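**Q** here's my sequence, what's the structure:
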Amino acid sequence: MEIDRRTFVAAAAAGLTLAAKPALAAKPSSFPKDFIWGAATAGHQVEGNNLNADCWLLENIKPTVYADPSGDSANSFELWRRDLDLVTSLGLNSYRFSLEWARIEPEAGQFSIAMLDHYKAMIEGCRALGLRPIVTFNHFTTPIWFAARGGWMNPDAPQLFARFCDKAARHLAAGIDHATTLNEPNLAGVLQFLLPGGLLEADKAMAAAAAAKLGVPVFLAGNALYQPEPAKVQANLQAGHTAGKAAIKAVRGDLPVGVSLAMLDDQEAEPGSLRDAMREKFYNAWLRLARADDFVGVQNYERSLWGKQGKLDPPASARRNMMGAEVYPPSLAGAVRYAYEVAKVPVIVTEHGVGTDDDTLRAWLIPEALTHLKAAMDDGVPVKGYCHWSLIDNFEWVFGYKIHFGLHTLDRQTFERRAKPSALVYRDYIRSHTAGA
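**A** Residues are numbered from 1 along each chain as shown. Alright, predicted model coming up:
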């Protein structure tokens, strides 16, 4: 079995859940007029031909755990204007995308003005269409040179990331609406406690092959499953977030900056369950760190129900995603409520969706989940926005192109994008549930 971080959030929940759903108000109140409605992508997953990235090297080495190489992906490096048109066609007011560190700093200390100008054009393109750019400074992938120095295990990693954030912010910060430093850093180093040993061994062998090819002791990619020293990686990621945020704020102090975290909706089946211990392991250090941020990004795909001995099995009647995990619409609101309870700062849903070829499942999930999210807001949770993952079907890391999260299909030969029925459900929900719409 091959797995990536996002699919961990889905696959780790397989066997974790019960079917009960909280009741909803019959007529939920409207979302505020200034609510952020968006769709999300990430650079390596849609741009294509990201030749200087750690992931590109691993996709094309032997042995590899990647089902497909990313190749051209959706060719969004060239077709980003088309992607913005898709966003506006759905009546959204925001687009979340990421900078590719490997394009901007292909060699250590060598920064490409041309690539910075490319992302500046994207930001200005969003603004011209009335879209609020939510920009992630690092969405997993790192430059090959960074991974070859030990990646986030390198004691210099926080400062190297802060240097990149400084250069990028000086060129780009003026037009950004909200910024996140890192994407799902809380999962680095914990997957080895959750995944089959054989998968981790395969990932370790792939990294060893990359290290041998480059003649370095360790090659640690930003999206690595196997982490030789997880505590060191977590410490450096947390320091990197703090240093990166400070670098961005030094350029533009009024730019809201946060971090996006992967969160399950953890529920307690019985007193004395493992729920609180699991929350401490997976999120709490980052949620406490986020108290110093302007907001926290929540990325939720599943729930988990915990007993004293572990996770409970899903009900036989549960609707399932492509990985076999239960699709449970209230999980988003549950994760958001807990994030705010601990972090005590406003929340933006930076990712939420479902990997499936059954678009009726996505069309059912979106309004159900959003209505529960609004109920949380009515209870006082300050949620500023919602970004659906993803705008288009794209490269899903080690799964290649087999898992489909998109609101739009992708023809990988012609790069044509076509709206799925669920995209129109999302559009129509916004129209009917936004104040003044």
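**Q** how about the strands in this protein?
**A** For the chain, the strands defined by DSSP state E occupy 36-40, 94-98, 132-138, 178-183, 257-262, 265-268, 295-300, 303-306, 347-352, 383-389, 408-410, 417-419.
**Q** the fifth one pairs with which strands, and in what direction?
**A** On the basis of DSSP bridges, the sheet neighbours of strand 257-262 come out as strand 178-183 (parallel), strand 295-300 (parallel).
**Q** now the angle between strand 132-138 and it, please.
**A** Between strand 257-262 and strand 132-138, the angle comes out at 70 degrees (axes from the mean of the first three to the mean of the last three Cα atoms, to 10 degrees).
**Q** phi, psi of the nearest residue to Leu410 once chain neighbours are set aside?
**A** Among residues not flanking Leu410 along the chain, Asp393 sits closest, at 4.4 Å (Cβ to Cβ, 6 or more residues apart in numbering). For glycine as for every other residue, the C-beta is placed from the backbone atoms N, C-alpha and C. Backbone torsions of Asp393, given as degrees, to the nearest 10, read phi -60, psi 140.
**Q** I'd say Asp393 and Arg412 touch.
**A** No - counting by Cβ atoms under 8 Å, Asp393 does not reach Arg412; the two are 9.0 Å apart.
**Q** anything in contact with each of the two?
**A** Ala74, Tyr401 (Cβ atoms under 8 Å, 6 or more residues apart in numbering).
**Q** neighbour count winner among those two?
**A** Legend: neighbour count by other Cβ atoms under 10 Å for Asp393 and Arg412, higher for Asp393 (25 against 16).
**Q** before we move on, the earlier item: redo the strands of the chain as JSON lines? Include mean pLDDT, distance to Leu172 and mean neighbour count.
**A** Formatted as JSON lines, these follow (pLDDT from 0 to 100; distance: least, Cβ to Cβ, whole Å; neighbours: other Cβ atoms under 10 Å):
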{"stretch": "strand 36-40", "mean pLDDT": "98", "distance to Leu172": "18", "mean neighbour count": "25"}
{"stretch": "strand 94-98", "mean pLDDT": "99", "distance to Leu172": "12", "mean neighbour count": "27"}
{"stretch": "strand 132-138", "mean pLDDT": "99", "distance to Leu172": "7", "mean neighbour count": "25"}
{"stretch": "strand 178-183", "mean pLDDT": "98", "distance to Leu172": "9", "mean neighbour count": "27"}
{"stretch": "strand 257-262", "mean pLDDT": "98", "distance to Leu172": "13", "mean neighbour count": "27"}
{"stretch": "strand 265-268", "mean pLDDT": "95", "distance to Leu172": "34", "mean neighbour count": "20"}
{"stretch": "strand 295-300", "mean pLDDT": "98", "distance to Leu172": "18", "mean neighbour count": "26"}
{"stretch": "strand 303-306", "mean pLDDT": "92", "distance to Leu172": "36", "mean neighbour count": "25"}
{"stretch": "strand 347-352", "mean pLDDT": "99", "distance to Leu172": "18", "mean neighbour count": "26"}
{"stretch": "strand 383-389", "mean pLDDT": "98", "distance to Leu172": "19", "mean neighbour count": "25"}
{"stretch": "strand 408-410", "mean pLDDT": "98", "distance to Leu172": "26", "mean neighbour count": "20"}
{"stretch": "strand 417-419", "mean pLDDT": "98", "distance to Leu172": "25", "mean neighbour count": "17"}
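**Q** could the strands paired with strand 257-262 go into CSV alongside distance to Pro346?
**A** Listed next are the strands paired with strand 257-262 as CSV, based on distance: least, Cβ to Cβ, whole Å:
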stretch, distance to Pro346
strand 178-183, 10
strand 295-300, 5
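**Q** show me what contacts Thr356?
**A** With contact taken as Cβ under 8 Å, 6+ apart, Thr356 is in contact with Asn321, Met322, Val327, Arg362, His404.
**Q** got the contact list for stretch 288-298?
**A** Outside stretch 288-298, the residues that reach it (Cβ under 8 Å, 6+ apart) are 178, 180, 238, 241-242, 245, 256-261, 263, 287, 332, 335-336, 339-340, 342-351, 384.
**Q** how about low-confidence regions in the stretch 51-200 of the chain?
**A** Within the stretch 51-200 of the chain, the ranges that satisfy pLDDT under 70 run 192-197.
**Q** which residues of it fall in helices?
**A** Taking DSSP state H, counting those that start in this stretch, the helices of the stretch 51-200 of the chain run over residues 54-59, 76-89, 101-104, 113-128, 144-148, 157-172, 197-214.
**Q** give me the residues contacting the first one.
**A** With Cβ under 8 Å, 6+ apart as the test, helix 54-59 has contacts from 44, 50, 64-66, 68-70, 102, 140-144, 146-147, 151, 206-207, 210, 213, 219, 221-223, 397.
**Q** now with 7 Å, please.
**A** Defining contact as Cβ atoms under 7 Å, 6 or more residues apart in numbering, one finds that helix 54-59 is touched by 44, 50, 64, 66, 69-70, 141-142, 144, 147, 206, 210, 221-223.
**Q** and if you look at the last one?
**A** By Cβ under 7 Å, 6+ apart, the residues outside helix 197-214 that reach it are 1-3, 57-58, 61-65, 148, 192, 217-221, 224-226.
**Q** for that helix, which positions count as buried?
**A** By 16 or more other Cβ atoms under 10 Å, the buried positions in helix 197-214 come out as Leu199, Leu200, Ala202, Asp203, Lys204, Met206, Ala207, Ala209, Ala210, Ala211.
**Q** try stretch 270-277
**A** Ser273, Leu274, Arg275.
**Q** right, and the last one touches Asp266 too?
**A** Yes - assessed by Cβ atoms under 7 Å, Arg275 is found in contact with Asp266 at 4.9 Å.
**Q** overlap of the contact sets of the two?
**A** With Cβ under 7 Å, 6+ apart as the test, Arg275 and Asp266 both reach Trp306.
**Q** that older thread, and the helices of the stretch 51-200 of the chain: which comes nearest Tyr426?
**A** Nearest to Tyr426 among those is helix 76-89 (11.2 Å), distances taken as Cβ to Cβ.
**Q** next, the angle strand 94-98 makes with that closest one.
**A** 160 degrees.
**Q** what's the longest helix in the chain?
**A** helix 230-251 (DSSP state H).
**Q** so what touches that helix?
**A** 137, 152-153, 157-159, 161-162, 165-166, 169-170, 173, 179, 181-182, 185, 188-189, 227, 255, 257, 259, 289, 293.
**Q** mind listing what's buried in stretch 242-262?
**A** For stretch 242-262, the neighbour count (16+ other Cβ under 10 Å) marks 242-245, 247-249, 251-252, 255-262 as buried.
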